[in-house]
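J.: Got a predicted structure here, sequence first:
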Amino acid sequence: MSKGQQFQDRQFIYADPYSGREVRQLTGYLGHSNHLYFTDPCWFNNGRSFVFSSDRDDQQNLFRYDLDGGTITQLTDLKGWGKVGGCYCEATGCHYYWWQHVLYEVNVDTLAERVIYEAPPGQYPPMIPPGRANPTADGKYILNMLLPTQEEEEGTLNFGYRRFTELFEAKPLTQLARIEIATGNMEIIYEDRCYMRHENTSTSHPELMTFCHEGPWNLVEQRIWGVNVLTGEVWKIRDQSVDDMQIGHEYWFADGEHIGYHGRSRSGQGDHVFGWIKWDNTDQHEASFPFHSAHFHSLNESMIVGDGTPAFAHNAQPFIQLFRRDGNSYEGPKLLAYHRSTFNDQHAHPHPRFTPDGQSILYTSDLTGYSNIYLVEIGDYDDLPDMTPQIRG
């Protein structure tokens, strides 16, 4: 299997047993396939193609999926163990990703590839990127957090979130690196002794990015931060010192101006809220949102998608759910599709996300054993069945 190879996974089309909506299973290889994390840009070709990762021939690689025709094209030819993701940049027509401490650029059309930056040599570089590679809107820089190398003791079993609380409590020195795409020049523009992750660049302001103080939401004092990547100026976004809210899963709206998030009180009492706020802390809104999902995503505040619960959770509701704004609150949820995913590590998180035109939802599920990618059209919201407490997956 090599770069440029094409696949034509058999699409399986079926009617969802709960909503009746037509669902298309886009991938079907004997290995995990998943779309990128819901905050990471992946769409191109006017929303008709996207980048995803897949395990094929005993190796994880990046691929492009063309919705018109269902052709899958291998973008990379990676060797060794690891998980690959990254972000697409519309300004350059390229996808950026880390692999074994090396930052790469690959053109999604020509497949031309080059090394942009390589971490200092050695088996354990002192500071390493956790994985995400976020390009600025103008295609000039890549922004990435760098964390101290976490050496594993021999015989230690590694799995998702194993060191999540440990890293939060350790408050490791975390550095925000700005890497110039044209030259590979790397500069540390901000650092703090705090577990920092989730770098998200604005799609419309080349100088703007958000990041988070990572950890258990109820223990993190201030989750969302903004940074000017040209000056290094850092500020709180949605100041949490003014109330008792715990918030997270922040993401940029499609306008590149507003940031969506959800949360609830630190005590765990009271309703959830869904909120959105402009990057400069103006135009803030929070609506009562008494609904539960692991993740939420939207293009704006008008309609939200959530992924419910893992398939085997207590009182499981493993469904793709939709919520529509109605004044100062949200109505719903409406049941769009039965995902029945286990959430067993990131490749099996549904992470539902809207297509750029807002007409369909892309999500991942391992309900058939391997994780695969699914697409379901929203259609008429009012025609969808209500997601009631009695419905269980």
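T.: Thanks, I have it.

J.: Please, where are all the strands along the stretch 151-300 of the chain?
T.: 173-180, 186-193, 196-201, 208-213, 224-228, 234-236, 245-252, 258-265, 273-278, 285-288, 296-297 (DSSP state E, counting those that start in this stretch).

J.: Residues contacting the host helix or strand of residue 117, please?
T.: Under the criterion of DSSP states H and E, residue 117 resides in strand 113-118. Identification of contacts with strand 113-118 by CB atoms under 8 Å, 6 or more residues apart in numbering yields 3, 76, 96, 101-107, 142, 179, 181, 184, 186. Where C-beta positions appear, they are placed from N, C-alpha and C, glycine not excepted.

J.: Wait, residue 96 touches residue 108, no?
T.: No: between residue 96 and residue 108 no contact is recorded; they are 11.0 Å apart, counting by CB atoms under 8 Å.

J.: Neighbour count: those two, which is higher?
T.: It is residue 96, of residue 96 and residue 108, that has more neighbours when counted by other CB atoms under 10 Å, with 25 against 21.

J.: So that one versus residue 79, what's the distance?
T.: Distance of residue 96 to residue 79, computed by CB to CB, to the nearest Å: 19 Å.

J.: Longest strand in this structure, please.
T.: Longest strand of the chain, by residue count under DSSP state E: strand 329-338.

J.: just checking, what packs against it?
T.: strand 285-288, strand 303-306, strand 319-326, strand 360-365, strand 372-377 (3 or more CB pairs under 8 Å, 6 or more residues apart in numbering; DSSP states H and E).

J.: Which elements pack onto the helix or strand following that strand?
T.: Next helix or strand after strand 329-338 toward the C-terminus (DSSP H and E): strand 353-354. Here strand 353-354 touches strand 360-365, going by 3+ CB pairs under 8 Å, 6+ apart.

J.: Give me the buried positions along the strand it packs on.
T.: 360-365 (16 or more other CB atoms under 10 Å).

J.: do stretch 241-255 as well
T.: 245-253.

J.: Can you tell me which of those residues comes closest to residue 191?
T.: residue 250 (20.8 Å; CB to CB).

J.: Nearest residue to the middle of this structure?
T.: Central residue of the chain (CA atoms, centre = their mean): residue 37, 2.3 Å from the mean position.

J.: wait, doesn't that one sit right on residue 85?
T.: Yes: counting by CB under 8 Å, residue 85 is a contact partner of residue 37 at 6.5 Å.

J.: what touches both of the two?
T.: With CB under 8 Å, 6+ apart as the test, residue 37 and residue 85 both reach residue 132.

J.: Need the strands of the stretch 151-300 of the chain in CSV (columns: distance to residue 349 and mean pLDDT).
T.: What follows is these, written out as CSV (distance: least, CB to CB, whole Å; pLDDT from 0 to 100):
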stretch, distance to residue 349, mean pLDDT
strand 173-180, 23, 95
strand 186-193, 28, 96
strand 196-201, 14, 96
strand 208-213, 17, 98
strand 224-228, 21, 99
strand 234-236, 28, 99
strand 245-252, 11, 96
strand 258-265, 16, 96
strand 273-278, 19, 97
strand 285-288, 25, 94
strand 296-297, 12, 97
